[in-house]
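In: Structure for this input, please:
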Amino acid sequence: MPLDHRRVRGPEESQPPELWAGVPAQQEEDEDGAAPRDPYALRPLFARAGLLSQAEGSAYVELSGGTKVLCAAWGPREAAEPGAPAGGGRLLCEFRRAPFAGRGARCRPGSAAEREAEREAAAALREALEPAVRLARYPRARLTVSALLLQDGGSALAAAISGAALALADAGVEMYDLAVGCALCRAPGPDGAWLLQPGEAEERRAASRLTLALLPALNQVSAVLGSGEGGPPDAWAQAVRLGLDGCHRLYPVLRNSLLRAARRRGAGTDTATGTA
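Out: Now for the predicted structure:
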């Protein structure tokens, strides 16, 4: 009997291995809401630039708790039609979720809900990155950046903003500054506090969410994206201040990652040319 090699012989639903792993007692208390964490505490962030050889610039960003984002950048490339008026370049952003990114049952690939969520995330990514890129230096050119969410452990859009900015800088694109993303969420209830870099369980229970993008060297906010239940203006102002502080604290990690990638690239060039 002939075999159908085009068929994916896999289960309709899949679960991540973490469901069968032992969960620390502290993590169980946090998910149940019995032990609220410090709202000013940042989740440890790991960033590395220059990982992909197929892209002109790339970056990998991982947050403690499971969020993993891989970003790649290409360009500048010719995009304008002959005879079109000269102008600034275009920044094209793409955001995709891996089928195994979330917990629980796998979403059907190509569904309308999944495509709409990815389009909204790509639009938010472009809104956050455009003020950081010197598009006027690339007339009639196109810059492309793609973010692939490998695992969603919370604060995924903020991690994608930081990773995409790092990938553009690694590609040699002229930028005013790195765009640093920081996410917040507010617990339900009238006295709910804002939390920096929420995890997946905290975002699921949140009444409001806020994602902030900052250019720290210029002290300029490039994007503020909020959703959820409304609240007093003072509460949102406090969230913005808290997010700005988080971006300033994350900035050295991304900058050092870019410097390390530049040193590795320089060392590889010196080895190839035979210089000391």
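
In: C-alpha only now, for contacts and for neighbours.
Out: Noted.

In: where do the helices sit along the stretch 51-200 of the chain?
Out: Here the stretch 51-200 of the chain has its helices, by DSSP state H, counting those that start in this stretch, at 112-129, 156-170, 200-205.

In: The second one - what's its average pLDDT?
Out: The one in question is helix 156-170. For helix 156-170, the mean pLDDT works out to 94.

In: what does the shortest one give?
Out: What helix 200-205 shows for mean pLDDT is 86.

In: So what are the sheet partners of whatever helix or strand comes next after that helix and their directions?
Out: The element immediately downstream of helix 200-205 (helix or strand, assigned by DSSP states H and E) is strand 208-215. Neighbouring strands of strand 208-215 in its sheet, by DSSP bridges, are strand 180-186 (antiparallel), strand 220-228 (antiparallel).

In: Strand 208-215 to helix 112-129, inter-axis angle?
Out: Relative orientation of strand 208-215 versus helix 112-129 (axes from the mean of the first three to the mean of the last three Cα atoms, to 10 degrees): 40 degrees.

In: relative orientation of strand 208-215 and helix 156-170 in degrees?
Out: Angle of strand 208-215 versus helix 156-170, following the same axes, to 10 degrees, is 10 degrees.

In: Show residues contacting strand 208-215.
Out: Applying Cα atoms under 8 Å, 6 or more residues apart in numbering, the contact partners of strand 208-215 are 128, 132, 157-158, 161, 177-188, 203, 220-230, 239-240, 243-244, 247.

In: Grab the most central residue of this structure for me.
Out: A160 (1.1 Å; Cα atoms, centre = their mean).

In: contacting residues for it?
Out: The contact partners of A160, by Cα under 8 Å, 6+ apart, come to 61, 69-71, 125, 147, 149, 181.

In: These in strands, which ones?
Out: Of the contacts of A160, the ones assigned to strands by DSSP state E are 61, 69-71, 147, 149, 181.

In: Take those and lay them out in JSON lines including pLDDT and distance to P216.
Out: Formatted as JSON lines, the ones in strands among the contacts of A160 follow (pLDDT from 0 to 100; distance: Cα to Cα, whole Å):
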{"residue": "V61", "pLDDT": "94", "distance to P216": "18"}
{"residue": "V69", "pLDDT": "95", "distance to P216": "22"}
{"residue": "L70", "pLDDT": "94", "distance to P216": "22"}
{"residue": "C71", "pLDDT": "95", "distance to P216": "21"}
{"residue": "A147", "pLDDT": "94", "distance to P216": "22"}
{"residue": "L149", "pLDDT": "92", "distance to P216": "25"}
{"residue": "G181", "pLDDT": "94", "distance to P216": "11"}
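
In: which of those residues has the most neighbours?
Out: G181 (33 neighbours; other Cα atoms under 10 Å).

In: pretty sure it is touching A159, no?
Out: Yes - between G181 and A159 there is a contact under Cα atoms under 8 Å: 6.3 Å.

In: would you turn the ones in strands among the contacts of A160 into CSV with distance to A49?
Out: Shown next, in CSV, are the ones in strands among the contacts of A160 (distance: Cα to Cα, whole Å):
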residue, distance to A49
V61, 9
V69, 12
L70, 10
C71, 9
A147, 13
L149, 16
G181, 16
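
In: returning to that earlier point: narrow the contacts of strand 208-215 to those that are buried.
Out: Neighbour-count burial within those applies to 128, 132, 157-158, 161, 177-187, 203, 221-224, 226, 239-240, 243-244, 247; the criterion is 16 or more other Cα atoms under 10 Å.

In: Might you report the residue contacts of D170?
Out: D170 makes contact with 49-50, 56-59, 258, 261-262, according to Cα under 8 Å, 6+ apart.

In: hmm, 7 Å instead?
Out: With contact set as Cα atoms under 7 Å, 6 or more residues apart in numbering, D170 has these partners: 49-50, 57-58, 258.

In: distance of it from G266?
Out: D170 sits at a distance of 13 Å from G266 (criterion: Cα to Cα, to the nearest Å).

In: Thank you, goodbye.
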